[in-house]
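Undergrad: I need the structure of the sequence given here:
(one chain, ligands or ions: 1)
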Amino acid sequence: MMDAKAFKQQLLDTLYEPYKKCLQCPLGLLGRKNVVFGEGNPDADLLFIGEAPGKDEDEQGRPFVGRSGQLLNRALTLVGIQRSEVYITNIVKCRPPENRVPLPIESSICMNILLYNQIKIIRPRIICTLGSIALNSLLQKPYSISKVRGTELQHDGIIIIPTYHPAYILRNQSQAPVWIQDFKTIQTKLSPNIRNTIF
Ligand code: URA
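TA: Numbers count the residues shown, from 1 in each chain. Take a look at the predicted model:
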């Protein structure tokens, strides 16, 4: 019999198949090379949602593989979470030109086609949004990221723990300790019975 992981991967593959050359929003005609659907464990307890692929992600077809991704990997390692255990995706799956912020129409089309269905298939226990664009696009409210980071919000019965985007931490290194603290909060929530010896 097929296990949950293989079954969910099959559902994700079926979801992605019609959109490999997606033209549902303007980003399809604005120079993107790859549609970056996401990667990781399709049966993950933890789902990370970023904003949009950057240059490296667009070239490789994988989320968070550039400088932001390397910093995300370091944070995960520090708190003892393996990248292969989690699922990682973005609000929009195509790189906006010059890395501009996705337009509301692009985000809403892409979330309706892909992100909401990814969430339904993966059904994670916790979603961590990276940055204010990811948070406010998913929850459709203008939260202040500096006020709500590290706290618990809700979306469709799933716990949301927002934190800063790694690109922000690269530019504002004084915020790195609180950012790592948010990852620690997530790790503790994921495995409440395991005493963490790192902190
Ligand atoms: N920034 C994002 O928001 N997502 C990526 O995949 C890479 C950089």
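Undergrad: so what sits opposite the residue positioned nearest the centre of the chain in the bridge?
TA: Closest residue to the average C-alpha location of the chain: residue 49 at 1.7 Å, with CA atoms, centre = their mean. On DSSP bridges, the residues paired with residue 49 through beta bridges are residue 89, residue 129.
Undergrad: go ahead and confirm it touches residue 126.
TA: No: Residue 49 lies out of contact with residue 126 (CB atoms under 8 Å); the separation is 11.2 Å. Bear in mind the C-beta positions are built from the backbone N, C-alpha and C, glycine included.
Undergrad: the ligand contacts on the chain?
TA: On the criterion CB under 6 Å from any ligand atom, the ligand has as its neighbours in the chain the residues 50-54, 57, 63-64, 66, 68-69, 90.
Undergrad: state the helix or strand in which the nearest residue to residue 164 once chain neighbours are set aside lies.
TA: In space, and not counting its chain neighbours, residue 164 is closest to residue 179: 5.3 Å by CB to CB, 6 or more residues apart in numbering. Residue 179 is part of helix 176-190 when elements are defined by DSSP states H and E.
Undergrad: what's next to that helix, contact-wise?
TA: The set of residues external to helix 176-190 that reach it, using CB atoms under 8 Å, 6 or more residues apart in numbering, is 45-46, 75-76, 78-81, 125-126, 128, 149-150, 159, 161, 163-164, 169, 196, 199.
Undergrad: so which of these belong to helices?
TA: With helices identified by DSSP state H, the entries of the contacts of helix 176-190 that belong to them are 75-76, 78-79, 169.
Undergrad: next up, the contacts around the residue of the chain found nearest the ligand.
TA: When CB to the nearest ligand atom is the measure, the chain has its nearest residue to the ligand at residue 50, with 3.0 Å between them. Contacts for residue 50 were tallied using CB under 8 Å, 6+ apart; they are 63-64, 68, 88-91, 130-131, 134, 165.
Undergrad: low-confidence regions, this structure specifically.
TA: Across the chain, the ranges flagged by pLDDT under 70 are 193-199.
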